[in-house]
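Undergrad: I'd like to go over a predicted model; first the sequence, then the structure.
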Amino acid sequence: MRAAAFLLIYNMVESSARALTETILDVVGPAALPLSDLSPHLRREFLRQALRKGAQYDLIGDLDDPAHDVTRHYDPEKIFSGNVDAKAIRERLVQLGCPDVDFRVQHGINTGLLKNLRNTRNDLAHGTKSFAGVDGSAPQSLIEDTFVAALRTLRLAFNEVEGLLARNDHLK
């Protein structure tokens with residue numbers, strides 16, 4: 001039961017971390033902004049995704065075409081691969097153009113709990129630990145503290161993205 005709780009919390013963290021980017025896509029996509037109107041961070045991000053799909057020439061060829069959808073090659077599923085913790089979220093925010101936020105130092109969040117969450121998820125996913133092994137070693141208070149740390153980190157991350165969009169920092 002406790003191992004399942006860790007997996008649920010981890011899945012919430014990973015899907016929410018992906019949603020950080022989707023929040024920006026929801027603004028950029030419908031606005032049909034050309035790549036040249038976006039901030040350098042977002043231009044890099046969209047080009048990086050296009051390179052992964054081999055569509056960089058398609059994207060670059062339409063740089064100033066207002067009808068070109070720069071988000072069409074973007075796949076949020078390719079952002080994380082089972083290794084999300086506070087550091088990965090922090091790095092993701094910087095890649096998107098948000099200010100660098102140290103969740104532990106600036107906000108007093110025990111980021112070690114998210115690192116432990118990531119490691120527990122990976123151990124379960126790769127068979128290094130069994131569900132019974134995690135259940136026996138994880139006190140209820142650890143699960144609760146991990147959940148609170150995850151929620152606080154995600155709330156702050158979404159606030160950063162909302163601030164980026166409110167200040168129009170997604171534009172050049």
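TA: Good, I have the coordinates. Just so it is clear, the model here is predicted, and its values are computed rather than measured.
Undergrad: any idea how far the most far-flung residue of the chain relative to its centre is from residue 129?
TA: Largest separation from the mean C-alpha position in the chain: residue 136, at 30.5 Å (C-alpha atoms, centre = their mean). Between residue 136 and residue 129 the computed distance is 10 Å (C-beta to C-beta, to the nearest Å). Heads up, the C-betas are built off the backbone N, CA and C, glycines and all.
Undergrad: With residue 167 instead?
TA: In terms of C-beta to C-beta, residue 167 sits 43 Å off from residue 129.
Undergrad: Among these two, which residue is more densely surrounded?
TA: Just comparing residue 167 and residue 129: by other C-beta atoms under 10 Å the higher neighbour count belongs to residue 129, 16 against 9.
Undergrad: Just give the nearest non-adjacent residue to that one, would you?
TA: In space, and not counting its chain neighbours, residue 129 is closest to residue 123: 4.0 Å by C-beta to C-beta, 6 or more residues apart in numbering.
Undergrad: and that neighbour, how many neighbours?
TA: For residue 123, the count of nearby residues is 16 (other C-beta under 10 Å).
Undergrad: What separation do you get for it and residue 10?
TA: Residue 123 sits 11 Å away from residue 10, going by C-beta to C-beta.
Undergrad: got it, and residue 160?
TA: Applying C-beta to C-beta, the value for residue 160 to residue 10 is 21 Å.
Undergrad: go on, residue 115?
TA: Distance of residue 115 to residue 10, computed by C-beta to C-beta: 11 Å.
Undergrad: between these two, who's got more neighbours?
TA: Comparing residue 115 with residue 10 by other C-beta under 10 Å, the one with more neighbours is residue 10, at 23 against 14.
Undergrad: In the protein, where's the longest helix?
TA: helix 2-31 (DSSP state H).
Undergrad: Output the below-cut-off pLDDT ranges for the chain.
TA: Residues of the chain meeting the criterion pLDDT under 70: 53-69, 73.
Undergrad: Phi, psi for residue 38 please.
TA: As for residue 38, its main-chain torsions (degrees, to the nearest 10) stand at phi -90, psi 160.
Undergrad: OK, contacts around it?
TA: For residue 38, the contacting residues are 28, 46, 70, 170, 171, 172, by C-beta atoms under 8 Å, 6 or more residues apart in numbering.
Undergrad: Name whatever forms a beta bridge with it.
TA: Taking DSSP bridges as the rule, residue 38 bridges to residue 171.
Undergrad: That one and residue 78: what is the separation?
TA: According to C-beta to C-beta, residue 38 stands 19 Å off from residue 78.
Undergrad: Alright, that wraps it up for me.
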